[in-house]
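Enquirer: below is the structure, and that's it, no one-letter string:
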Ligand SMILES: O=P(O)(O)OC[C@H]1O[C@H](O[C@H]2O[C@H](CO)[C@@H](O)[C@H](O)[C@H]2O)[C@H](O)[C@@H](O)[C@@H]1O
């Protein structure tokens with residue numbers, strides 16, 4: 001694990017230190033990718049009340065003009081992440097990109113528009129079946145994600161992990177019957193279309209801007225493909241730094257990261273430190 005000092009925390013791995021060095025020496029070629037929930041926004045019991053850490057936008061606005069690109073890569077619909085993040089119309093974030101629905105959607109600050117594919121018909125079908133069963137799983141809550149996915153949350157159940165484990169097989173069967181996949185996350189099982197993930201989204205964006213280095217920070221299982229993308233980039237000679245916004249809920253991410261920080265407050269401190277190190 002990296003240790004925090006007053007300045008930039010030090011990655012625990014050689015690859016991570018190379019990624020950080022590359023960012024600091026050529027910031028104009030650096031891509032900063034950030035997950036939203038659990039990374040920029042503290043986890044809360046009600047997903048509709050999740051908001052970016054109060055210092056996140058100022059830190060991003062200080063860093064973004066100094067690097068090639070800052071992209072928020074999230075499972076949320078892009079417009080929801082923009083609203084909950086407070087990302088629109090911010091000086092310094094004129095070129096922010098939000099890749100929503102695991103990269104299926106894209107919001108560009110410069111135009112303030114979202115581009116998205118047509119909704120998958122399976123989503124309406126599973127939504128109808130889930131609403132039929134409303135109340136069957138006590139304490140769970142169904143999040144409707146703009147007609148493009150539905151997520152069953154168990155955080156507010158009496159035993160969140162037991163509810164998650166019990167629901168996973170029937171939801172996997174339901175998703176498969178309608179051509180969808182289940183995306184497991186922190187006390188959430190999301191039913192969504194296949195074919196896109198955060199790794200594809202991050203890699204496409206990195207290639208489209210010709211990134212010379214990549215930093216990616218995440219906290220959840222859905223971020224593992226983005227970690228994989230950074231590892232692929234490293235293998236092709238593009239240095240990268242994997243940051244874990246630490247929690248006890250997802251050890252898989254912590255184990256693959258170069259640097260663990262203390263949740264969204266730690267991510268914000270890192271962003272601020274990076275901005276402070278760059279001209
Ligand atoms: O890719 P992300 O930006 O991390 O989004 C993943 C899911 O995040 C949200 O759920 C998570 O955050 C909630 C609010 O803090 C929390 O209550 C829940 O337990 C977490 O799983 C969001 O509601 C989902 O739609 C996202 O897919």
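Expert: It's in. Given the structure is predicted, the values throughout are model-derived calculations rather than measurements.
Enquirer: how about the helix or strand residue 170 falls within and the ligand, any contact?
Expert: Here residue 170 sits within helix 160-177, counting by DSSP states H and E. No - contact of helix 160-177 with the ligand (CB under 6 Å from any ligand atom) is absent, the minimum separation being 8.1 Å. In short, each C-beta sits where N, CA and C put it, glycine included.
Enquirer: same deal with stretch 52-67?
Expert: No - Stretch 52-67 is not in contact with the ligand by CB under 6 Å from any ligand atom; minimum separation 10.7 Å.
Enquirer: quick check: mean pLDDT of that stretch?
Expert: Within the predicted structure, the mean pLDDT of stretch 52-67 is 98.
Enquirer: how many residues are close by residue 41?
Expert: Residue 41 has 23 neighbouring residues, counting by other CB atoms under 10 Å.
Enquirer: my read is that it contacts residue 52, right?
Expert: Yes - using CB atoms under 8 Å, residue 41 is in contact with residue 52, at 5.0 Å.
Enquirer: find the residues that touch each one of these two.
Expert: 84, 85, 264 (CB atoms under 8 Å, 6 or more residues apart in numbering).
Enquirer: the last one touches residue 247, doesn't it?
Expert: No - at 10.1 Å, residue 264 and residue 247 do not qualify as touching, with contact defined as CB under 8 Å.
Enquirer: more neighbours: which of those two?
Expert: Using other CB under 10 Å, the more surrounded residue of residue 264 and residue 247 is residue 264, with 25 against 17.
Enquirer: A helix includes the more buried one, no?
Expert: Yes - checked against DSSP: H, G, I helix; E, B strand; the rest coil, residue 264 lies within a helix.
Enquirer: report the contact partners of it.
Expert: Each residue near residue 264 by CB under 8 Å, 6+ apart is listed here: 38, 39, 40, 41, 42, 52, 53, 56, 245.
Enquirer: quick check, nearest of those to residue 221?
Expert: Nearest to residue 221 out of those is residue 38 (CB to CB; 10.9 Å).
Enquirer: that older thread, for the helix holding residue 170, packing partners?
Expert: Contact partners of helix 160-177 among helices and strands, from 3 or more CB pairs under 8 Å, 6 or more residues apart in numbering; DSSP states H and E: helix 121-132, strand 181-185, strand 188-192.
Enquirer: got the contact list for the closest residue to residue 74 other than its chain neighbours?
Expert: Nearest residue to residue 74, sequence neighbours excluded (CB to CB, 6 or more residues apart in numbering): residue 36, at 4.0 Å. Residues counted as contacts of residue 36 (CB under 8 Å, 6+ apart) are 52, 72, 74, 75, 76, 81, 84, 85.
Enquirer: measure the nearest residue to residue 42 once chain neighbours are set aside to the ligand for me?
Expert: Residue nearest to residue 42 in three dimensions, not counting chain neighbours: residue 264, with 5.0 Å by CB to CB, 6+ apart. To the ligand, residue 264 is 10 Å away according to CB to the nearest ligand atom, to the nearest Å.
Enquirer: just want the angle from the helix holding residue 170 to helix 121-132.
Expert: Orientation check (axes from the mean of the first three to the mean of the last three CA atoms, to 10 degrees): helix 160-177 against helix 121-132 gives 130 degrees.
Enquirer: so how far is helix 160-177 off the chain centroid?
Expert: Distance of helix 160-177 from the chain centroid (CA atoms, centre = their mean, to the nearest Å) equals 22 Å.
Enquirer: over to stretch 177-196?
Expert: Distance of stretch 177-196 from its chain centroid, counting by CA atoms, centre = their mean, is 15 Å.
Enquirer: all set now, cheers.
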